[in-house]
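Engineer: Sequence and computational prediction follow.
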Amino acid sequence: MSADLASRPARRATVRRAARHRLLARRRLELALLLGPALLLFGAFVLAPIGIAAYYSLHEWSGFGPISDFVGFDNYRRAFEDDVFRGAISHNLIIAGLSLLIQLPLAIALALLLNRRLRGQGALRLIVFAPYVLSEAITAVLWLLLLQPDGAVDQTLQAVGLGGLVQPWLADRDIVLYTMFAVVTWKYIGFGIILLLAGLQGIPSELRDAAAIDGASPWQATRYVILPLLGPTIRIWIFLSIIGSLQLFDIVWIMTGGGPAGSSATMATYLIDRGFRRYQFGYGSAVAVILFLICFVFALLYQRYALRRDTRGALAQGVG
Amino acid sequence: MATVAQRRPVRPRRWRMRRRDGSVLGGVLTWMAVVVIVVVTVVPLLYVVLSGFRSTGQLNTDPVALPDPWVWSNYRDILTSGDYWRFLLNSTVIAVIATALAVGLGAMAAFALSHYAFKGRELIYGVFTIGLLFPLGVASLPLYLVLRDIGLLESPLGVAIPEAAFSLSITIVILRPFMRAIPQELFDAAMLDGASRLAYFWRILLPLSAPALSTVAILAFVTSWNFYLLPLLVFNETSHFTLPLGVATFQSQYSQDTARILAFTALSMIPSLAFFVFAQRRIVGGLTGAIKG
């Protein structure tokens, strides 16, 4: 045996190497045990479906039987030529734009006003946050009931002398999207307020005092000292709000199904409608890939250009 | 805890501070904001609860009024028919499975990604974060077919497993930095005492990570509880429905009986709101902390 012939130091080296190998093998086994299940689950139910969707999207397929009709990028061309889908994209963008123009200033103003010692602060916090905790489906049913023609909202408006404002909230093609926006605002603004309040509480009050001593008015102190310091929180809120607007589904699906005549359709409701209602799995998959790419590209660009300063890329570093 | 005796001397100072940082105008605006928020938030919820105590006839003649007389039958019928309880049970079973899977596997993965050095570690972490960027809806068509092929349609697992997979992202993104921040000395000491890494994970790291674990558990639970799309796709049979799906379906089924829908909606809000009141600190802190960092 060669081991018998080898000199002692060499044999010791072999033994050490073997021990190290065993250690390495053991660590590899541990890693596989620890990471394997999560990777398997994530790969099978999150990553693979996206890949499969990309594959389906190149075919004309009903979801049943073998998949064979390769059509190249036809589904994508069809999607971008479809007025309903183009409308859906613009609806998502309008919701995102309105969030920035209306929800954000409103949330900032309310957070600034609430950022002081108040009696019953705990209860207030609970109330502000309550709609966010409700499921989207329940929120949708709630507002569907309230917004029925001649229902609670209409009656209330009439009772306070604003009867002229009454509209067919869910039936008028020009109004329904703004109704959706109002419901979305009701549901999510509390989250924005709480997030901004947490940001405000991280700003030392000495800064405001210092600004006051330097002769700044409360408004100036807010505008030039507090708001810039709130920047990171605001940028995160914008990110979440836009991603959320692009993904809007539950509320619209339950309240209007995207109607009337596609006037409140979002990319996600369009996708589910074509895929599951009309069994256009290939076409629906193309829409899914477009939605994915829009979210993904936006997220990467936003991480790179807006969030970089704050978190050095939450994507790479972890949002925590 | 502040006793009465301790509080007394503090009071004047607090009063002075308040006078200084808030002008009268600011005070008035604040209280107006509080009133508006409370009215806009609470009134719709209260309306649903109270209207559940009216009959559909009462609602038709006057949608906005107090119950007169109070009708108990809506709530009683729902609470004595099996549907509500079955939906509640289904939601609970699915949420518990999804949470256990997401937190269990997520903690293991976060440990591997924070305490082992190996090639491709950051890449794997980056892949997990992708799940934060798109909705499950994007994957729904192929996911549906996968579930059909492996026979998980109409099964609670068909909903719980994909939900857990999607929750892994936020779980790992929260847990990894937390585990990394636990002092290295503890790890070194455990190694010196001859513990294996896995023993360190199980006996020391997991107990120390309890606050972060409960945060991610609550996030996963609430996400699963509120989920609508996946149950909608997976379940056809009413007896399998979760609460959100049940409410939405109930609403379209009984559209003539408004009072019953209102009562059903009110009852289905209760678990979420009760859970929220019970776990408020963790939910609010967890969400804002997870996002703000």
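Structural biologist: All right, it came through fine.

Engineer: C-alpha from now on. contacts and neighbour counts both.
Structural biologist: Will do.

Engineer: quick one, phi/psi of the spatially most central residue of chain A?
Structural biologist: Averaging the C-alpha coordinates of chain A gives a centre point, and the residue nearest to it by CA atoms, centre = their mean is A:Gly244 (3.3 Å). In terms of degrees, to the nearest 10, the main-chain angles of A:Gly244 are phi -60, psi -40.

Engineer: Check which helix or strand residue 232 maps to.
Structural biologist: If you meant another chain, say so; for now it's chain A. Here A:Pro232 is covered by helix A:231-246, with elements defined by DSSP states H and E.

Engineer: Actually, chain B is the one I wanted.
Structural biologist: helix B:229-234.

Engineer: how close does the residue nearest to the centre of chain A sit to chain B?
Structural biologist: Taking CA to the nearest CA, to the nearest Å as the measure, A:Gly244 and chain B are separated by 9 Å.

Engineer: How is chain A partitioned into domains?
Structural biologist: A:2-53, A:74-317 (automatic domain parsing).

Engineer: quick check: mean pLDDT across the longest one?
Structural biologist: Per-residue pLDDT over domain A:74-317 has a mean of 88.

Engineer: still on that earlier bit, what does the helix holding A:Pro232 contact?
Structural biologist: Helix A:231-246 has contacts (CA atoms under 8 Å, 6 or more residues apart in numbering or on different chains) with A:92-93, A:95-96, A:99-100, A:104, A:192, A:195-196, A:199, A:266-267, A:291, A:295, A:299, A:302, A:306-307, A:310, B:133-134, B:291-292.

Engineer: which among the residues you listed end up buried?
Structural biologist: Burial by neighbour count, 16 or more other CA atoms under 10 Å in any protein chain shown: within the contacts of helix A:231-246 this picks out A:92-93, A:95-96, A:99-100, A:104, A:192, A:195-196, A:199, A:266-267, A:291, A:295, A:299, A:302, A:306-307, B:133-134, B:291-292.

Engineer: OK, contacts around the closest residue to B:Ser91 other than its chain neighbours?
Structural biologist: Leaving out its chain neighbours, the residue that sits closest to B:Ser91 by CA to CA, 6 or more residues apart in numbering or on different chains is B:Thr242, at 4.7 Å. For B:Thr242, the contact set (CA under 8 Å, 6+ apart) comprises B:Phe87, B:Leu88, B:Asn90, B:Ser91, B:Pro231.

Engineer: and the two most separated of these?
Structural biologist: Pairwise distances among the contacts of B:Thr242 were taken by CA to CA; the largest, 13.5 Å, belongs to B:Leu88 and B:Pro231.

Engineer: So these two - more neighbours on which side?
Structural biologist: More neighbours surround B:Pro231 than the other of B:Leu88 and B:Pro231, with 24 against 18 (other CA atoms under 10 Å in any protein chain shown).

Engineer: Correct me if wrong: that one contacts B:Val159.
Structural biologist: Yes. Contact criterion CA atoms under 8 Å: B:Pro231 and B:Val159 qualify, at 6.2 Å.

Engineer: Spell out which parts of the stretch 51-200 of chain B neighbour chain A.
Structural biologist: Near chain A, the residues belonging to the stretch 51-200 of chain B are B:63-64, B:105-106, B:108-109, B:111-112, B:116, B:122, B:125-126, B:128-131, B:133-135, B:137-143, B:145, B:161-162, B:165-166, B:168, B:173-174, B:177, B:198 when assessed by CA under 8 Å from any CA of the partner chain.

Engineer: just the strands in chain A please.
Structural biologist: Using DSSP state E, the strands found in chain A span residues A:59-60, A:69-70.

Engineer: Any stretches of the stretch 51-200 of chain B with poor pLDDT?
Structural biologist: Counting by pLDDT under 70, the stretch 51-200 of chain B contains no low-confidence residues.

Engineer: what are the ranges of the helices in it?
Structural biologist: Using DSSP state H, counting those that start in this stretch, the helices assigned to the stretch 51-200 of chain B run over residues B:56-61, B:73-80, B:82-115, B:121-130, B:136-149, B:156-180, B:184-192, B:197-200.

Engineer: buried set for the shortest one?
Structural biologist: What it means is helix B:197-200. Along helix B:197-200, the positions that meet the burial threshold by neighbour count (16+ other CA under 10 Å) are B:Arg197, B:Tyr200.

Engineer: now what about it, what contacts it?
Structural biologist: Residues from elsewhere that reach helix B:197-200, judged by CA under 8 Å, 6+ apart: A:Glu30, B:Phe187, B:Ala190, B:Met191.

Engineer: about what we covered before: so which of the helices of the stretch 51-200 of chain B comes closest to B:Leu262?
Structural biologist: Between B:Leu262 and the helices of the stretch 51-200 of chain B, the tightest spacing by CA to CA is seen for helix B:73-80, at 8.8 Å.

Engineer: how far does stretch B:130-139 sit from the chain's center?
Structural biologist: 18 Å (CA atoms, centre = their mean, to the nearest Å).

Engineer: Can you get me a residue count around residue 48?
Structural biologist: Here I'm looking at chain A. The local packing count at A:Ala48 equals 16, with neighbours defined by other CA under 10 Å.

Engineer: let's do chain B instead
Structural biologist: Using other CA under 10 Å: B:Val48 sits among 23 other residues.

Engineer: what's the helix or strand for it?
Structural biologist: Per DSSP H and E, the secondary structure element for B:Val48 is helix B:24-51.

Engineer: quick check: angle from that helix to helix B:73-80?
Structural biologist: Helix B:24-51 and helix B:73-80 are oriented at 70 degrees to each other (axes from the mean of the first three to the mean of the last three CA atoms, to 10 degrees).

Engineer: Appreciated, that's everything.
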